[in-house]
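Visitor: what follows is a predicted protein model with its sequence.
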Amino acid sequence: MQLFRNASKLLVVILLGLLLASVSCKREPQIEPPAAKVVPQTLEKFGQVRTDNYYWLRERENPEVRQYLEAENQYTAAVMAHTEGLQKKLFDEFKTRIKQTDMKVPYKKDGYFYYSRTEEGQEYPIYCRKKGDLDAPEELILDVNKVAAGHNYCSARPSVSSGGNIMAYAVDTVGRNFRTIYFKDLQTGEQLKEMIPDVTGTLAWANDNRTVFYGKQHPTTLRFYRIYRHVLGDDPANDELVYEEKDSTFVCFVFKTKSKKYLMIASWQTLSSEYRFLDADQPRGSWKVFQPRQRDHEYYIDHYKDRFYIQTNLNAKNFRLMETPVERTGLENWKELIPNRQDVLLEGFEIFRDHLAVVERKDGLLQLRIMPWAGKGEHYLEFGEQTYTAYPENNYDFDTPVIRYYYSSLTTPESIYDYNMETREKKLLKREEVLGGFDPANYQAERLHAMAQDGAQVPISVVYRKGFRKDGHSPLFLYGYGSYGASMDAYFDPYLISLLDRGFVFAISHIRGGQELGRQWYEDGKLLKKKNTFTDFIACAEHLVGEKYADPQRIFAQGGSAGGLLMGAVVNMRPDLFHGIIADVPVVDVLTSSLDENIPLTTVSYDERGNPNDRKYYDYILSYSPYDQVKAQNYPNLLVTTSFQDPAVQYWEPAKWVAKLRTTKTDRNRLLLKTEMEASHGGVSGRYKQYKETAFKYAFFLDLAGIKQ
């Protein structure tokens, strides 16, 4: 009582107490995060010993593992609870902006027009067709909403037989990519009794309308390694194995050529490929090797009339196009149609009766090149934007002068065009309708270049809302991937509008490890040059700060899978550069996983990151492996996501990473782990669940940026 000897002192204390109470209400609640138990595991290789305190989290069936993941989920929900209103607002924006009842552009195949549509309130697409023309009655062939009933996750899409009367569809209701093939008689609507469990989902129909070839994965490594033949009416348990891929660095799958003449088994590895072909009219015939596999030789084939057409990197780093007679497939018979070019990457081709359409990449951008077989009138399509994506889509007819293609950019919603290759007339069939007052004229896209530490010029695609000032005060969202030669092209994302309208700048870093600037761009970001991927990304962030596109205190980044490896590496290398990071299903325990050949993707990634059983790759991978390189330093705010059923990147990689960061980092920034118990590598299924997932991630960024509404 002696502390309050007079009223003035009492008033001061009361006011001070009220002020402190007010401040504490605005602070995030001081919730203690879960602590994963420490069980040291010694890992030794080349005489080097590493201690992994969280190796036990690999025990998928251990109840303590699930308990830990659920505790992390509860912690994440508690920390983010104050953003629930913002999440709800974002969810409503997505739902209002994206047309809920809609239909994709129908495409013609085998006498039918096929399309999918969505209905308001329904999570999944409905697949339909019309016979002959678009005025015919609609035939609903697969309603994925009904397939998904009773499941929290569902992935399914139809594959119709050559005669058009039987549909196969492979369903995954867990997310682990073990699917079950079901069959439906499209004439009677009857669901056939037979089913084939534990398959990959890749399948192809023979021309007899009753034989289907399908793939299976290894039960432990999940590697796609076997192709079977099934005949309708037969017991699937007796299906014949027609091919098994013995090389653990290869995967295999089956497909049918556009001509419908041949079935193909493709064996694929990072640096090599091999095809086997079979007359689709003779499903019990013998498969023939097209061209035996060779180290460093990748090729892709299609067929038309009496020729096979081959996209190959044989003595052609950026690929060339060749042809060969059907009866003589050995490379000594291959004849060049399009040569290799140092500044142009040949990405694909589409064959028509009178035209060859070629997908090329130059200066980081996709181009569509039209080449008449007659030799005159070759030309390129013009797209008129600085950064975009465009490629052929759903062209099943040879006998047409019209090519259908997809086009999108950072400011142009998904658009489907028909282009007459003779008259050069372009017809817009549909542009995705973006509701809620969206006007592309309100947004501006640019293409920039950042100088990497070795002098390479790294492209960056940027978009922002007009009215943006380059004064260094705007929050920036930088995205990257940079692996497996996958190019990250600029396309329209309706979700992003919610960030752009709140003042964010969005940018895509076209870093090495992708293939945006040709094959060399990929090779300079893999194996013993992998660190170029990480330093390129850092250079892009620094360039955007230097050019006043970004507030240096509000730089955010996101990457998933191998892009999650990118996130893990850059936060170790330059944690000071970023305020917040989202690492989705990240590859972060690279060294330990790469040494375990029983883990999915291990052996097939040896030519991407190197085989650590070789000392030079062991040392190099160790030098950047995010989990191994966690150190006592400040880290940015981190949101890490994973799926317990992820078939590609096992849940324990991000779980171990978060557990180690918690006990090592020296800051009090957010570190959140969010595990979906029923989802796949790509996250949750169902569009409304995806809206909710994206709203959660955007709320993480917006809240950190100081934007509360």
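Guide: The structure has been received and is ready for your questions.

Visitor: look up how far D133 lies from E139.
Guide: Using CB to CB, to the nearest Å, E139 is found at 13 Å from D133. The C-beta positions use only the backbone N, C-alpha and C, and glycine is treated the same way.

Visitor: same deal with S498?
Guide: 40 Å.

Visitor: just to revisit the earlier point, the more surrounded of E139 and D133?
Guide: Remark: of E139 and D133, E139 carries more neighbours, 15 against 10, as counted by other CB atoms under 10 Å.

Visitor: touching, the more buried one and Y127? I think so.
Guide: No: between E139 and Y127 there is no contact, the gap being 9.8 Å when judged by CB atoms under 8 Å.

Visitor: what lies in contact with the helix or strand hosting R229?
Guide: According to DSSP states H and E, R229 maps onto strand 224-231. Contact with strand 224-231 is made by 196, 200, 202, 210-218, 236, 239-245, 250-254, 265, 283-284, as judged by CB atoms under 8 Å, 6 or more residues apart in numbering.

Visitor: that one: partners in the sheet, and parallel or antiparallel?
Guide: If you go by DSSP bridges, strand 224-231 pairs up with strand 211-217 (antiparallel), strand 240-244 (antiparallel).

Visitor: just send those strands back as CSV, with mean pLDDT too.
Guide: As requested, those are exported to CSV (pLDDT from 0 to 100):
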stretch, mean pLDDT
strand 211-217, 98
strand 240-244, 98
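
Visitor: the nearest residue to F534 once chain neighbours are set aside is in what secondary structure piece?
Guide: Nearest residue to F534 in three dimensions, chain neighbours excluded: A569, at 4.3 Å (CB to CB, 6 or more residues apart in numbering). A569 is part of helix 562-573 when elements are defined by DSSP H and E.

Visitor: tell me the bridge partners for R512.
Guide: G514.

Visitor: what residues are up against it?
Guide: 452, 456, 458, 482, 521-522, 524-525, 529, 532-533, 536.

Visitor: show the buried residues in those residues.
Guide: Among these, those classed as buried by 16 or more other CB atoms under 10 Å are 452, 456, 458, 482, 521-522, 524-525, 532-533, 536.

Visitor: picking up where we left off before, mind listing the shared neighbours of E139 and Y127?
Guide: Contacts common to E139 and Y127, judged by CB under 8 Å, 6+ apart, are absent.

Visitor: after the helix or strand bottoming out on mean pLDDT in the chain, which helix or strand is next?
Guide: Here the helix or strand of the chain ranked lowest by mean pLDDT, DSSP states H and E is helix 7-26, holding a mean of 28. Next along the chain after helix 7-26, taking DSSP H and E as the criterion, comes strand 41-45.

Visitor: give me the contact list for that following strand.
Guide: Residues outside strand 41-45 that contact it (CB under 8 Å, 6+ apart) are 49-53, 55-56, 592, 595, 612, 618.

Visitor: recalculate using a threshold of 6 Å.
Guide: 50-52, 55 (CB atoms under 6 Å, 6 or more residues apart in numbering).

Visitor: quick one: those residues as a markdown table, columns for distance to L321, pLDDT and neighbour count too.
Guide: Output for these, formatted as a markdown table (distance: CB to CB, whole Å; pLDDT from 0 to 100; neighbours: other CB atoms under 10 Å):
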| residue | distance to L321 | pLDDT | neighbour count |
| --- | --- | --- | --- |
| R50 | 48 | 98 | 15 |
| T51 | 53 | 98 | 10 |
| D52 | 48 | 98 | 19 |
| Y55 | 49 | 98 | 18 |
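
Visitor: as a markdown table, these with secondary structure would be great.
Guide: A markdown table is the format used below for the contacts of strand 41-45 (DSSP: H, G, I helix; E, B strand; the rest coil):
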| residue | secondary structure |
| --- | --- |
| R50 | strand |
| T51 | strand |
| D52 | strand |
| Y55 | helix |
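
Visitor: A441 in helix, strand or coil?
Guide: Here A441 is helix, with the state taken from three-state DSSP.

Visitor: and the residue nearest to it when sequence neighbours are not counted, how far is that from I497?
Guide: Leaving aside its sequence neighbours, A441 sits nearest to K466 (CB to CB, 6+ apart; 7.8 Å). Separation of K466 from I497 (CB to CB): 13 Å.

Visitor: between those two, point out the one with more neighbours.
Guide: I497 (21 against 10).

Visitor: that's a helix at that one, yeah?
Guide: Yes: assigned with three-state DSSP, I497 falls within a helix.

Visitor: can we start the residue count at 13 from this point?
Guide: Taking 13 as the first residue, the last one we looked at is I509.

Visitor: which pLDDT value belongs to it?
Guide: On pLDDT, I509 comes in at 98.

Visitor: list the contacts of F489.
Guide: 516, 518, 568.

Visitor: from those residues, pick the one nearest D501.
Guide: Minimum distance to D501 across those is 14.2 Å, recorded for F518 (CB to CB).

Visitor: wait, a strand at the closest one?
Guide: Yes: counting by three-state DSSP, F518 is located in a strand.

Visitor: still on that earlier bit, tell me which of the buried ones among the contacts of R524 is nearest to R353?
Guide: W533 (14.4 Å).

Visitor: all helices of the chain, in order?
Guide: Taking DSSP state H, the helices of the chain run over residues 19-38, 75-91, 96-109, 156-159, 509-512, 531-535, 543-558, 574-585, 602-606, 618-621, 627-636, 664-676, 699-716.

Visitor: residue ranges with poor pLDDT in the stretch 63-212 of the chain?
Guide: Within the stretch 63-212 of the chain, not a single segment meets pLDDT under 70.
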